[in-house]
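my questions are about this predicted structure, shown below with the sequence.
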Amino acid sequence: MTKKIVVTGIGATSPLGGTAPESWEALLAGESGAHTLTHDWVEQYELPVTFAAEAKVRPEEVLERVESKRLDPSSQFALISAREAWADAGSPDVDPIRVGVDYSTGIGGLWTLLDAWDTLREKGPRRVLPMTIPMLMPNAAAAAISMSIPSRAYARTDVSACASSTEAIANAYAHLQLGLADVVIAGGTEAVVHPLPIAAFASMQALSKRNDSPETASRPYDVSRDGFVLGEGAGSIVLETEEHALARGARIYAELAGGTVTSDSFHITAPDPEGSAAARAMKAAIEMAGASPTDVAHINAHATSTPVGDIAEYNAMARVFGDHLPSIAVSATKAATGHLLGGTGALEAIFTILALHNRTAPPTINLTEQDPEIPLDVVTAPRALGDGELLALSNSFGFGGHNSVAAFRSYN
């Protein structure tokens, strides 16, 4: 028997705000989290891209110094968002052996790794910190959350590029269905606003180069889009069975109705232009929700603002929805937040949950001339989603051909 899985807590630290509510409010207000970088290393390395979407609230403003020193920034963001989500869920009084963690990252502790390499080269091996490996390992965020909550059912990490945290949510759905836990904290994090990734992404022509206008650089679906804006931060959601949530009197935001994963098996960085595997992921999520494509009212699209990626996702949507596609309110929130890589799916899942909870689709900023090859109904100002039961999808696609989709349904 399939269990109903519900969302009872949300937490985020993002380029738009230090909490989930602050990020949502800024998103509805049409704000941008992108800005010119002021770090010395931008000029030092003569970077071709001089802006990014850094987290609005720095983790050292939230965490105790002794704690933050033992965590890479990626784990710091994760811990902040997870604690917010847990508190938002009412800090459930649950036996730790029934609490699980499904968490993700696309890259992991990059700052720790590269700082340690600099230390080794400049000062020698004796100066490399003993905590370097526990700080740089990709599972560090999941471990930090597990020890903080605490969680003893399991603490798992998946790494699937920009699909990572949506895949973590899909995994959490499956683990709750299997009865491996009663409550799961799921999400993802990333902290790679660093000269090396900026140089590398710029070298592969993936980043926007609008150095003169960072706030308008990310423009999904616009004819003048020229790449994504690198972002950072984390998002976390608390998931549990409806039975468990109701028994403890929890507030329920929405239902997680399904989560799926497919693979393009096409190219290491480019999406399949036909979008066939991405379409299968959307179809499977809808079927898992016991619904049909015509039931979908809203999509938070992956929509990175790259010339190739936006069209590929549209082709996938057209395969799934056909004539119903113009009736779906599509939001592309990376225009405001930038692209958080492994953390992006979790943040966008939160925006999808809040869209259903508040029955309002968030806006896509910076869209001035929509690409005629992508004739979607793009939401450009906060829009009411209407009454009745609503179904929404949150899409995430990553390098390596990873596709993951989460389906959420309004609750009451």
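In hand now; what should we look at? Numbering: from 1, shown residues only.

burial measure for residue 373, as a count.
By the criterion of other CB atoms under 10 Å, residue 373 has 11 neighbours. From N, CA and C alone the C-beta is placed, and that goes for glycine too.

quick one: which helix or strand includes it?
Following DSSP states H and E, there is no helix or strand that holds residue 373.

for it, what are phi and psi?
Phi and psi for residue 373, reported as degrees, to the nearest 10, are phi -80, psi 0.

so who does the closest residue to it other than its chain neighbours touch?
With sequence-adjacent residues excluded and distances taken as CB to CB, 6 or more residues apart in numbering, residue 373 is closest to residue 311, at 6.0 Å. Residue 311 sits next to 273, 371, 373, 374 when contact means CB atoms under 8 Å, 6 or more residues apart in numbering.

look up phi and psi at residue 311.
phi -70, psi -40.

where's the dip in pLDDT among the contacts of residue 311?
Lowest pLDDT among the contacts of residue 311: residue 273, with 90.

do you know how far that one is from residue 220?
Remark: distance between residue 273 and residue 220 (CB to CB, to the nearest Å) = 17 Å.

ok, the two, which is more surrounded?
A side-by-side neighbour count of residue 273 and residue 220, using other CB under 10 Å, places residue 220 first with 30 against 14.

hmm, residue 367 and the more buried one touching each other?
Yes. Using CB atoms under 8 Å, residue 220 is in contact with residue 367, at 7.1 Å.

so what sits against both of these two?
With CB under 8 Å, 6+ apart, residue 220 and residue 367 have common neighbours 332, 335, 378.

coming back round to it: between the contacts of residue 311, which is closest to residue 6?
Closest approach between the contacts of residue 311 and residue 6, by CB to CB: residue 374, at 33.5 Å.

average pLDDT across the helix or strand residue 255 falls within?
Residue 255 is part of strand 254-263 when elements are defined by DSSP H and E. Averaging pLDDT along strand 254-263 yields 98.

list the pairing partners of that strand within its sheet, with orientation.
strand 5-13 (antiparallel), strand 402-410 (antiparallel) (DSSP bridges).

how far does that strand sit from its chain's centre?
How far strand 254-263 lies from its chain's middle: 14 Å, per CA atoms, centre = their mean, to the nearest Å.

go on, stretch 256-269?
15 Å.

for it, output the C-alpha coordinates as PDB.
Taking C-alpha atoms only, stretch 256-269 is exported to PDB below (Å, rounded to 0.1, in the frame of the first residue of the first chain):
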ATOM      1  CA  LEU A 256       5.200  14.900  -2.000                       C
ATOM      2  CA  ALA A 257       3.400  12.800  -4.500                       C
ATOM      3  CA  GLY A 258       6.300  11.300  -6.300                       C
ATOM      4  CA  GLY A 259      10.000  11.600  -7.200                       C
ATOM      5  CA  THR A 260      11.800  10.000 -10.200                       C
ATOM      6  CA  VAL A 261      15.200   9.700 -11.800                       C
ATOM      7  CA  THR A 262      16.200   8.900 -15.400                       C
ATOM      8  CA  SER A 263      19.400   9.200 -17.500                       C
ATOM      9  CA  ASP A 264      20.000  10.700 -21.000                       C
ATOM     10  CA  SER A 265      23.000   8.500 -21.800                       C
ATOM     11  CA  PHE A 266      23.700  11.200 -24.400                       C
ATOM     12  CA  HIS A 267      26.600  13.600 -23.500                       C
ATOM     13  CA  ILE A 268      28.600  14.500 -20.400                       C
ATOM     14  CA  THR A 269      27.500  18.200 -20.400                       C
END
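
show me the contacts for the closest residue to residue 345 other than its chain neighbours.
Distances taken as CB to CB, 6+ apart place residue 166 nearest to residue 345, at 3.3 Å, with adjacent residues excluded. Taking CB under 8 Å, 6+ apart as the criterion, residue 166 is in contact with 188, 259, 345, 346, 348, 349, 394, 395, 396, 404, 405, 406.

over to residue 166. Which of the three states is it?
Put simply, residue 166 is helix when judged by DSSP: H, G, I helix; E, B strand; the rest coil.

mind listing the helices for the stretch 101-250 of the chain?
For the stretch 101-250 of the chain, applying DSSP state H, counting those that start in this stretch gives helices covering 110-123, 132-136, 140-148, 164-177, 195-203, 242-247.

closest one to residue 53 among these?
helix 195-203 (12.0 Å).

and the strands in the stretch 1-150 of the chain?
Remark: strands assigned in the stretch 1-150 of the chain by DSSP state E, counting those that start in this stretch are 5-13, 35-36, 51-52, 99-105.

and the residue nearest to residue 345, how far from residue 312?
Taking CB to CB, one finds residue 166 at 17 Å from residue 312.

do residue 255 as well
For residue 255, the distance to residue 312 equals 29 Å [CB to CB].

now swap in residue 108 and tell me
According to CB to CB, residue 108 stands 27 Å off from residue 312.

who's more crowded, the two?
Applying other CB under 10 Å to residue 108 and residue 312 shows that residue 108 carries more neighbours, namely 26 against 21.

with adjacent residues omitted, what lies nearest to the more buried one?
Here the residue nearest residue 108, using CB to CB, 6+ apart, is residue 138, at 3.8 Å.

spit out the contact partners of the closest residue to residue 155 other than its chain neighbours.
Nearest residue to residue 155, sequence neighbours excluded (CB to CB, 6+ apart): residue 146, at 3.8 Å. Contacts of residue 146 were listed using CB under 8 Å, 6+ apart, and they are 101, 152, 155.

how about a cut-off of 10 Å?
Applying CB atoms under 10 Å, 6 or more residues apart in numbering, we find residue 146 in contact with 82, 96, 99-101, 103, 139, 152-156, 185.

reformat those as CSV; add distance to residue 320.
Shown next, in CSV, are the contacts of residue 146 (distance: CB to CB, whole Å):
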residue, distance to residue 320
82, 32
96, 40
99, 35
100, 31
101, 31
103, 29
139, 34
152, 39
153, 34
154, 33
155, 34
156, 29
185, 30
